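A.B. asks: Sequence unavailable; structure follows:
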């Protein structure tokens, strides 16, 4: 029998878990500082809750669980694995509406499951880190979200990320002004989204193939070209970001003219940029009318975070005022952002951004076993060191000291203690630094202080 | 459509998550101090991996996932949700045997799923907190495990737990010496396990019904009575535990006589007790030959932790040297312990053992919004407070101050800031303590220090 994990899933060995925890700890800490509170929902939902929420393609990717008991033979499924964290949020908002605050700000860091074809960086089980603020239409929400996710990335050590910012209503206004009929807006956005890859000619071709005039394509490509973010050497520079955003807002104002929704959208974008000036998102944001984001449920600002060495984004989000209220039968304003934990870890690994102490970093000191008769004393010494805050392993079997040292070295444990007859007679303990080979005999009561002082 | 979570599962709202996190944080911290390292495995496994591992009853309780794609119509299942954390451990030990250390000590805190009939305290999704040490037969392992789980409970605030300790080979020896045939050992243990509930007469009845002599029942009940732990007023007292264990070991030695496996088992039990003397398990352990534990895979020491106000245990474990190697085709010694997170939380909730700050404790201070024009300054002030380590919410909409205060109070936020025209002119910020009603105007640069000094 194969002992590999199921297709598209992964086992996380200790170093892997520590890397993931390093990221998750920072994500949680930052989100909590921004006033978001934790929510967790079950791994599976009643199947009706998920079917029909993610389009035809999504329906096919939902993992379905067989009804239990005598019904099992029918092959009927009554449960399904969580596909994202947004539908569970909508369910929670409906179910606990009276218990939740008027402005419900939650974060949720949990796995989701999709029966996708596994590929490099695409898994069937992966974590999402979502923050959403439910209950307010204020642009303070967008600004705070952007501040929070920017602070997460900065604290993880990213210094070259960019926040692309656009607005659903601006996209609509641009398409309208270019003469694209409302029914063709979706098709046009799909084609424009490929501009980078297929170029102006490709977009024109796709437009005409879908029955949209090539003039509209030319007009739109032209405005997108004029408003594209340059490839400045220093993407974090505030002035450059500020200059870009001012210029682009001006171009867009000119283009949308008197189309009121478009005017409002440009004002919303510049307001969001201004509101983030006192946050870690300052200088990171580029108003970018070429950002479309696939999901059709956005109603206002849309945003995405990119780094130069990753195709695709580290995360994205936006305002979606029609979705969270789906089970309540009324509109509930909401704005959210989802960070892709797996992608963040991929980039951090490639860039060697994890602290050195993570690899094999589970144990600070190993207590060696002198002989069978000293087992109790070894365990007691371990207890003293643990009370001093150290992570301590005890070698469980009497064995040659050399083998015990070698075992500790192979696990990257930096120190071992030796409690031999001499040390016991003197009330001392010997501590060996396995990297330098240095060994010192210290009074047992001072071992904790000694080790803390020499810890990596 | 119902917006309740699926049957037998629960949503965890912010206070619930904080309570769970409080426990998990301590569990992880203690386990890491004992040199255990984190492992995580996928939520589902290939179905062959789980079927047949948990007996007929277990097989029925496994949640099965429909094969995806065109095969879906056949109703065939090819994946199944994790049922426990032990089979995944065995799979991981086989799959990564060359990458794992000789003594692999891992902890794993993840949900498992069982299609059980939901009942009070019994869920279809629940967390297990497992520690297992793989690769050594040394009793140091048992002692360290007991030290670790005892330290977890002590740090959580439990001061009245007892560790019941028994040994599989001792049970065998007792049954042999009482004249129970080997084939009837399982049946006899099931009956003896009910002694507390059905009394001596009931056990005798069950024995004779199963074809075991009532003399055997009388003999066994007698030895269990003589070795039962008294209900001392102070269950933590070292001497009393020590006296009990000495007396019981003596009784058992007398009873098993020359049966060598029994003699070895009694010696193992007293050795484990002695080895834990320098650990937080000291004084907690009671050798208890009436402890059977259902699982048939134990081969050595078995243990369980109980508190007076809970029927059943807070966790249990033991040595099982034949299971982890099942995919390797050779014996791999292992000893483990599983803490029941859900039960720990039930008891801690009933006893009000959670820190007061958990309830509604997600936000330290709320920045009120003076008017629409001061949105940017409110966000910037929030940023200053966050950089000072505080968890800060910003009221997103201009609203009457009284309503903003009321909102903060309703969420248990202890402080609000006010940044009005006067405060801005003076470079100050007003800080209101919502519990006492006190309000003070402090220089903006000192707000963080002021708030830290007055935090609950």
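C.D. replies: Yep, it's here. Just so you know, these numbers come straight off a predicted model, no measurement behind them.
A.B. asks: Which residue ranges of the stretch 251-400 of chain A form strands?
C.D. replies: Here the stretch 251-400 of chain A has its strands, by DSSP state E, counting those that start in this stretch, at A:285-287, A:301-306, A:315-319, A:334-340, A:365-367, A:392-394.
A.B. asks: next SSE after the last one?
C.D. replies: Pointing back at strand A:392-394 there. Proceeding N to C from strand A:392-394, the next assigned helix or strand is helix A:401-410, under DSSP states H and E.
A.B. asks: Can you point out the buried residues in that next one?
C.D. replies: A:404-405, A:407-408 (16 or more other C-beta atoms under 10 Å in any protein chain shown). Where you see a C-beta, it was placed from the backbone N, CA and C, and this is true even at glycine.
A.B. asks: Tell me which of the strands of the stretch 251-400 of chain A approaches residue B:287 most closely.
C.D. replies: strand A:392-394 (22.9 Å; C-beta to C-beta).
A.B. asks: Could you double-check that residue A:23 sits in contact with residue A:343?
C.D. replies: No - look at residue A:23 against residue A:343 with C-beta atoms under 8 Å: they stay out of range, at 10.8 Å.
A.B. asks: Those two: which has the busier surroundings?
C.D. replies: Taking other C-beta atoms under 10 Å in any protein chain shown, residue A:23 and residue A:343 do not tie; residue A:23 has more neighbours (22 against 17).
A.B. asks: Please, which helix or strand holds the more buried one?
C.D. replies: With DSSP H and E as criterion, residue A:23 is part of helix A:14-33.
A.B. asks: check contacts around the residue most central in space within chain A.
C.D. replies: Nearest to the mean C-alpha position of chain A, counting by C-alpha atoms, centre = their mean, stands residue A:339 at 2.9 Å. Residues in contact with residue A:339 (C-beta atoms under 8 Å, 6 or more residues apart in numbering or on different chains) are A:27, A:128-130, A:149, A:152, A:314-315.
A.B. asks: Mind putting those residues into a markdown table with pLDDT and distance to residue A:158?
C.D. replies: As requested, the contacts of residue A:339 are arranged in a markdown table below (pLDDT from 0 to 100; distance: C-beta to C-beta, whole Å):
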| residue | pLDDT | distance to residue A:158 |
| --- | --- | --- |
| A:27 | 98 | 13 |
| A:128 | 95 | 19 |
| A:129 | 96 | 15 |
| A:130 | 97 | 19 |
| A:149 | 98 | 11 |
| A:152 | 98 | 9 |
| A:314 | 95 | 8 |
| A:315 | 95 | 11 |
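A.B. asks: Narrow those to those in helices?
C.D. replies: Cross-referencing the contacts of residue A:339 against helices under DSSP state H gives A:27, A:149, A:152.
A.B. asks: What mean pLDDT does stretch A:95-102 get?
C.D. replies: Model confidence over stretch A:95-102, given as mean pLDDT, is 94.
A.B. asks: List of residues touching that stretch?
C.D. replies: Contacts of stretch A:95-102 with the rest of the structure, by C-beta under 8 Å, 6+ apart, involve A:92-93, A:135, A:328, B:3-5, B:11, B:13, B:407, B:410-411.
A.B. asks: Looking at the residues you listed, spot the one nearest residue A:103.
C.D. replies: Taking C-beta to C-beta as the measure, residue A:135 is the one of these closest to residue A:103, at 4.4 Å.
A.B. asks: Buried by neighbour count: which residues of stretch A:20-38 qualify?
C.D. replies: Neighbour count says stretch A:20-38 has A:20, A:22-23, A:26-28, A:30-38 buried, by 16+ other C-beta under 10 Å.
A.B. asks: and it, anywhere near chain B?
C.D. replies: Yes - Stretch A:20-38 lies in contact with chain B when judged by C-beta under 8 Å from any C-beta of the partner chain; the contacting residues are A:20-21, A:32-38.
A.B. asks: Out of the contacts of stretch A:95-102, who's the most crowded?
C.D. replies: Using other C-beta under 10 Å as the neighbour test, the contacts of stretch A:95-102 are led by residue A:92, with 26 neighbours.
A.B. asks: What pLDDT does the model give the residue of the stretch 151-300 of chain A at minimum distance from chain B?
C.D. replies: Relative to chain B, the nearest point of the stretch 151-300 of chain A is residue A:278 (2.7 Å; C-beta to the nearest C-beta). Each residue has a pLDDT score; the one for residue A:278 is 90.
A.B. asks: so who does the residue nearest to it when sequence neighbours are not counted touch?
C.D. replies: Nearest residue to residue A:278, sequence neighbours excluded (C-beta to C-beta, 6 or more residues apart in numbering or on different chains): residue B:380, at 2.7 Å. If you count contacts by C-beta under 8 Å, 6+ apart, residue B:380 has them with A:277-279.
A.B. asks: what's the answer for residue A:252, then?
C.D. replies: Neighbouring residues of residue A:252 by C-beta under 8 Å, 6+ apart: A:170, A:174, A:223, A:227, A:262, A:266, A:287, A:289.
A.B. asks: Now render those residues as JSON lines, adding distance to residue A:102 and neighbour count.
C.D. replies: Listed next are those as JSON lines, based on distance: C-beta to C-beta, whole Å; neighbours: other C-beta atoms under 10 Å in any protein chain shown:
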{"residue": "A:170", "distance to residue A:102": "29", "neighbour count": "27"}
{"residue": "A:174", "distance to residue A:102": "35", "neighbour count": "27"}
{"residue": "A:223", "distance to residue A:102": "40", "neighbour count": "21"}
{"residue": "A:227", "distance to residue A:102": "37", "neighbour count": "21"}
{"residue": "A:262", "distance to residue A:102": "31", "neighbour count": "23"}
{"residue": "A:266", "distance to residue A:102": "30", "neighbour count": "24"}
{"residue": "A:287", "distance to residue A:102": "31", "neighbour count": "27"}
{"residue": "A:289", "distance to residue A:102": "33", "neighbour count": "27"}
